[in-house]
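A.B. asks: Please find the sequence and the predicted model below.
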Amino acid sequence: MERLEEYHSYILGAISLATLLVSYYFLRSDPEAGVPYNVEPPAQAQPGWKGEVLEEPSLKISGSSVIQCYSPATGELLGRVNPSTANSIDRAIAKAKEAQVQWAKTTFSERRRVLKTMLKFILENQEIIARVSCLDSGKTMVDASLGEILVTAEKLKWTIDHGEAALKPEKRPTNFLMMYKTNEVIWQPLGVVAACVSWNYPFHNLISPVIASIFAGNAIIVKGSESTAWSSSFFSSIVTSALSACGHSPNIVQSVNCWPNVAEHLTSHTDIAHITFIGSRPVAHHVCASAAKALTPVCVELGGKDPAIILDDLSNSDFKRVTSILMRGTFQSAGQNCIGLERVIALPMVYDRLIAHLTPLISTLRPGAILHASPATPIDIGASISSANFANLESLIQDAVKEGARLLVGGKQYHNPDFPKGHYFQPTLIVDVTPSMRIAQTELFAPVFLLMRAETVDDAILIANSTSFALGAGVYGSSTRDLEKVVREVNAGMVAVNDFAVTYMVQLPFGGTKGSGYGRFAGKEGLRGVCNQKAITRDRWPGVKTSIPGPMDLPLKGAGAAQRAYGMAQGVVWLGYGDLRGKVRGLKGIMGL
Ligand SMILES: *[C@@H]1O[C@H](CO)[C@@H](O)[C@H](O)[C@H]1NC(C)=O
């Protein structure tokens, strides 16, 4: 008996020792492991919350400067936010600037720990983050999960895994004349940067520029849209609390909300080193003009009129898969997605089949407020951020119909009987659209499936190229030759083959050309974009240094000196860049022969 007990305690001892060793190993193996922290979630996002439904939902209240935040899906008041003033923006920038000095000295390992801490929080709090996003933007939980949380988790993970490598100093080649040099580029923080972001992804768009900027060692002032000002304090405190939990100053991240006239104070501020702008073209003109006052560079991410080109060699099994992707690509976030599908361009053999398949699907889509709907009536798509664009949408659709397009489903504002104060547009299917129609040239940002017919692959590329935008594009089919032809020839910043928007899911550089903007965020290019790319050359061998030859040394000495100096300079050019005979000629010139 005694021996048995002894044996027992021996086993227990061994188990506890093993547990200790294992936990020591795991703790030791990741000194950057995320630390737990809390952020008080807004009461409005708790299940069962009901708010006062505004008689006339609007952001502005007459006679007041506060931002009135409401849920676009229901018209419920979420809260009132005091907008920043020019003075409070100055104070935010000053605080960020001061805190950045310490932050710039942190190691990548310390920065990764902050990102891992955020990732842990986001994974464990997906539900509440999605609910806050749904309330403020009107989207559905699935749209929030895919468009806000999945992509933010990917961005965090990419930066944790690959950020340091992207900013690692790089050796650069040298040349014949400069053979005694070694060359290098290093990436250093810029200081305080800013991001002015759009409302369609209130979580992701706010957090994404923060991740890149702070990882690069910057402080950042992030200005969300006034349309989603309510959620920005919760979302930004997810970052600032992670910083505090890891022992850093939360001041390197400042969130501001303001009206457009005050935003100008931020975008023209001389203490801002770089601006990321995500928004519309008309606003970009103002932001860039304002930034030009301080000559601040802007990374400009505008909308698109993204085409999905459907080749007619889709297999039967692929047809179903592709149409499901097209539905999601078009109706995700009720079409309010800068890389949402704005045009489906189909070849003749698949064209009518698409119409037959999609018409019943689109006519059964149910728009509504996901957090208020009963589980018995599923909601397929969410609300629009406002009803301001609905009259314009209706007129674009009616004009297209007058010019020969067929409106098969929807086409009008939707007065949702369950949510009469919400902003809804009917899920719409419009076909036989041609490039000359206004609707084919205008970014709709709405739940509109727009179908265009192309006769050949070349014709499809021509149509795809025919707008003033060039952001993303997709091509679907079997023939590698045709797929690759589209990939090479379509004018776009990003192309997904047989898929939708996945370039972002692997953190490739995000951005477009033409009227879709310039510059890239995400990936290596995005990270480097918020850095000072410092170019350095050093001498390779001790004692071998550049020295100015006597005949070129200022002031030139003696009669004919200018001619001699020029002959020598010309010789240097021949020596460096001529062929063998040229080099001989160069040597002669240098020696004054
Ligand atoms: C489409 O645009 C790209 C980029 O400008 C160009 O190289 C290509 O030739 C264009 N193709 C057609 C058919 O317009």
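C.D. replies: In hand now; what should we look at?
A.B. asks: Return the residues of this structure in contact with the ligand.
C.D. replies: 458, 461, 462, 465, 489, 491 (CB under 6 Å from any ligand atom). Placement of C-beta: from N, CA and C, glycine included.
A.B. asks: And the closest residue to residue 380 other than its chain neighbours, how far from residue 435?
C.D. replies: Counting by CB to CB, 6 or more residues apart in numbering, residue 380 lies nearest to residue 365, which is 4.5 Å off, once chain neighbours are set aside. Distance of residue 365 to residue 435, given as CB to CB, to the nearest Å: 27 Å.
A.B. asks: out of those two, which sits in the busier spot?
C.D. replies: Taking neighbours as other CB atoms under 10 Å, residue 365 and residue 435 compare with residue 365 leading, 20 against 15.
A.B. asks: does the more buried one really touch residue 427, like I thought?
C.D. replies: Yes: judged on CB atoms under 8 Å, residue 365 makes contact with residue 427 at a distance of 4.0 Å.
A.B. asks: Any buried residues in stretch 219-237, and which?
C.D. replies: Residues of stretch 219-237 classed as buried under the neighbour-count rule (16 or more other CB atoms under 10 Å) are 219-232, 234-237.
A.B. asks: coming back round to it: quickly list what's touching both of residue 365 and residue 427.
C.D. replies: 331, 380, 381, 447 (CB atoms under 8 Å, 6 or more residues apart in numbering).
A.B. asks: Correct me if wrong: the first one contacts residue 367.
C.D. replies: No: using CB under 8 Å, residue 331 and residue 367 do not qualify as a contacting pair, with a distance of 9.4 Å.
A.B. asks: Which helix or strand contains residue 232?
C.D. replies: helix 229-245 (DSSP states H and E).
A.B. asks: send the alpha carbons of the helix or strand that that helix is followed by over as PDB?
C.D. replies: Beyond helix 229-245 on the C-terminal side, the first helix or strand identified by DSSP H and E is strand 253-256. Coordinates of each C-alpha in strand 253-256 appear next as PDB, following Å, rounded to 0.1, in the frame of the first residue of the first chain:
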ATOM      1  CA  VAL A 253      -2.500  55.500 -32.800                       C
ATOM      2  CA  GLN A 254      -5.000  58.400 -32.800                       C
ATOM      3  CA  SER A 255      -8.400  58.000 -34.100                       C
ATOM      4  CA  VAL A 256     -10.200  61.200 -35.300                       C
END
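A.B. asks: what's in contact with strand 253-256?
C.D. replies: 84, 88-89, 92-93, 95-96, 206, 210, 214, 219-224, 232-233, 235-236, 239-240, 243, 266.
A.B. asks: run the last query once more with 6 Å
C.D. replies: 84, 89, 92, 96, 210, 220-223, 232, 236, 239-240 (CB atoms under 6 Å, 6 or more residues apart in numbering).
A.B. asks: Sheet partners, orientation included, of it?
C.D. replies: strand 219-223 (parallel) (DSSP bridges).
A.B. asks: mind checking how far the strand it pairs with is from the chain centre?
C.D. replies: 15 Å (CA atoms, centre = their mean, to the nearest Å).
A.B. asks: do the same with stretch 422-436
C.D. replies: 26 Å.
A.B. asks: Likewise for stretch 262-274?
C.D. replies: 20 Å.
A.B. asks: in that stretch, what counts as buried?
C.D. replies: For stretch 262-274, by 16+ other CB under 10 Å, it's 262, 263, 264, 265, 266, 267, 268, 269, 272, 273, 274.
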